[in-house]
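Visitor: Attaching a predicted model along with its sequence, questions to come.
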Amino acid sequence: MSAIPPPFQPGMRFVRRERRMLQAQWLFGLFVVVIVIWANFFNSYVKTFETLFLASVVILLGLWPLYRWIGNPGRDAIPVLPMHAGFMALSFGFAGLMPPGQMFTLDWTSEGERQQALVMAGLGLLSLYLGYHLARSIGNSKRVSVSWPLVILPAAYSFLVYVTVPAVLVIKSLVSFAGLNILSEVVDAICTFVVILVIHAAFSGALTRVARRIVLFGLIPYQLIIAGGLAGGTIAGTFVWAVVVGLTYVVTRRRVPYQWILAAAVLVFLLQPIKGEYRALTWGEDVDWSAMKRIQVWVEMGLSYYLDDQSSGVNQVSKGMEKSYDRVNHLMVTAAVIADTPSRQPFLYGESYLPLLTKWIPRLIWPEKPREDLGNRWGRQYGYLGEDDFGTSFNLPWLTEMYMNFGALGVFGVSFLLGVAFRYLSVHFWTRARDAGTYAFGMVIGIPLFFVESNLSLLFGQLIISAISLVIVAYVAARFFPSLFIWKHRDTQRNGIR
């Protein structure tokens, strides 16, 4: 009589990983609770009870999806909705706890107008979640069995690291140097896809030891320092790549890189306050410094900013944090738009969303496609930029754009539709991102939705162009390199390839 096999028991490594993620979840929750308690009872800034309450509600609403995801990162391999909502908590909720700031001249808004902006942020989050959860029936659809059409065979990873990555980086540099804007959108999408793919493969153990070291100690530093723009005085690109690398590590290793998070936070707060001074020093034509020299100078300037005046070190840190936060403070601009619309400027009634109809067409096909200048145009129309300033782009956050078009009804309606779109994309691209190729594709179309600092048509257009370009490239790769890539179709699905 054969013995009855014992029930499945997860290995100790799996149990330890799950325990680590639960610990990270509780630490994150504790951090948020401490921040909210501090803001309401020990805040040194003068705030009314109503503002503190509304800001706390927006913070808790925005960070709840991220809290749930940290406890189970397998629920959505790519946490686009949690990151999107978390950024709203950062740019609106935390802004309600901080002083008004000095971004441009928008500190004239009243406390009541800022409270209205917080109400709009809370309404937008609730409507986003409502649309996301009411669209659950999309997840029951059986018509789409795969999301990413390319199977990457094990032999392809060495080819990608040694041949494809250097090739696309060189092509991207040449396109940028030559000013070929008609190719830049497509090339950027391909380059981002390949880089994320090999980073995922490195963390998940799909690469050889040599290839893994090339990615960890060569490619990732290159993306952070050179491609991300840190050496050139740009923090945003480097921060986005740091988030991408960190999320990929969490998904593949099921471990939170605390050192990585701390380093990224310190870097932002250290360098952001003196970014303008650094650019003035290094953007001259006669400056021919290496990347490492530029980073060294920037770090020295940052340390000097905080440490030179020993008598007011604490005040310098406080001012530095406020100055760094101004970069993502969307509460002020939203409050200003609420004050000026429709009293000074009429509602747009969807005008700013019209480019969505043509944004998906790459410039490679339509070289004369009109350029989107909304970032400059709306700032001049509202008087936030000078009438003759045609060079500055004033970021237009999604929530602000919603109100600018239809008021509070627009915030509710557009956020609801975005929730439906997030659900669709999550079902077909982000939840199923188990292999490196699917993960990289989902991340490429998800990155524009992480930190929404520009108008909706600009970011959604980037998403659509990236998706179309990558599907075409995937088909070409499968056609010309059949020993490395397989195109998924009905025959491969019948044969068990999924």
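Guide: Perfect, I can see it now. Quantities reported herein were computed from a predicted structural model and do not represent experimental measurements.
Visitor: any idea which helix or strand comes after the helix or strand harbouring residue 52?
Guide: Using DSSP states H and E, residue 52 sits in helix 49-71. Next helix or strand after helix 49-71 toward the C-terminus (DSSP H and E): helix 80-88.
Visitor: Outside of that following helix itself, which residues are in contact with it?
Guide: Residues from elsewhere that reach helix 80-88, judged by Cβ atoms under 8 Å, 6 or more residues apart in numbering: 58, 61-66, 68-69, 76, 121, 124-125, 128-129, 132, 243, 247, 328, 399, 422, 425-426, 430, 446, 449-452. Bear in mind the C-beta positions are built from the backbone N, C-alpha and C, glycine included.
Visitor: contacting residues for residue 148?
Guide: Residues near residue 148 by Cβ under 8 Å, 6+ apart: 429, 437-438, 441-442, 474, 488.
Visitor: Give me the angle between whichever helix or strand residue 420 is part of and helix 80-88.
Guide: Per DSSP H and E: residue 420 is located in helix 408-425. Counting by axes from the mean of the first three to the mean of the last three Cα atoms, to 10 degrees, helix 408-425 lies at 150 degrees to helix 80-88.
Visitor: in helix 408-425, what counts as buried?
Guide: Neighbour-count burial for helix 408-425, counted by 16 or more other Cβ atoms under 10 Å, picks out 410-412, 414-416, 418-423, 425.
Visitor: okay if I get those as JSON lines plus distance to residue 462 and pLDDT?
Guide: What follows is the buried residues of helix 408-425, written out as JSON lines (distance: Cβ to Cβ, whole Å; pLDDT from 0 to 100):
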{"residue": "410", "distance to residue 462": "22", "pLDDT": "94"}
{"residue": "411", "distance to residue 462": "23", "pLDDT": "95"}
{"residue": "412", "distance to residue 462": "25", "pLDDT": "96"}
{"residue": "414", "distance to residue 462": "18", "pLDDT": "95"}
{"residue": "415", "distance to residue 462": "20", "pLDDT": "96"}
{"residue": "416", "distance to residue 462": "22", "pLDDT": "96"}
{"residue": "418", "distance to residue 462": "15", "pLDDT": "94"}
{"residue": "419", "distance to residue 462": "20", "pLDDT": "95"}
{"residue": "420", "distance to residue 462": "20", "pLDDT": "94"}
{"residue": "421", "distance to residue 462": "15", "pLDDT": "91"}
{"residue": "422", "distance to residue 462": "16", "pLDDT": "93"}
{"residue": "423", "distance to residue 462": "20", "pLDDT": "91"}
{"residue": "425", "distance to residue 462": "14", "pLDDT": "88"}
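Visitor: Same list (the residues you listed) but as CSV, adding distance to residue 112.
Guide: As requested, these are exported to CSV (distance: Cβ to Cβ, whole Å):
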residue, distance to residue 112
410, 21
411, 18
412, 21
414, 24
415, 23
416, 26
418, 27
419, 28
420, 33
421, 33
422, 32
423, 35
425, 37
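Visitor: Of these, just say which sits nearest to residue 338.
Guide: The closest of these to residue 338 turns out to be residue 411 (Cβ to Cβ; 10.3 Å).
Visitor: so who does the closest one touch?
Guide: 120, 123-124, 127, 399, 402-403.
Visitor: Please report how far it lies from residue 425.
Guide: Relative to residue 425, residue 411 is positioned 21 Å away (Cβ to Cβ, to the nearest Å).
Visitor: which non-adjacent residue is nearest residue 156?
Guide: Spatial nearest neighbour of residue 156, chain neighbours left out: residue 484 (3.8 Å); criterion: Cβ to Cβ, 6 or more residues apart in numbering.
Visitor: quick one, what contacts the one you found?
Guide: 152-153, 155-156, 159, 477.
Visitor: Could you rerun that using 10 Å?
Guide: By Cβ atoms under 10 Å, 6 or more residues apart in numbering, the residues touching residue 484 are 151-160, 164, 477-478.
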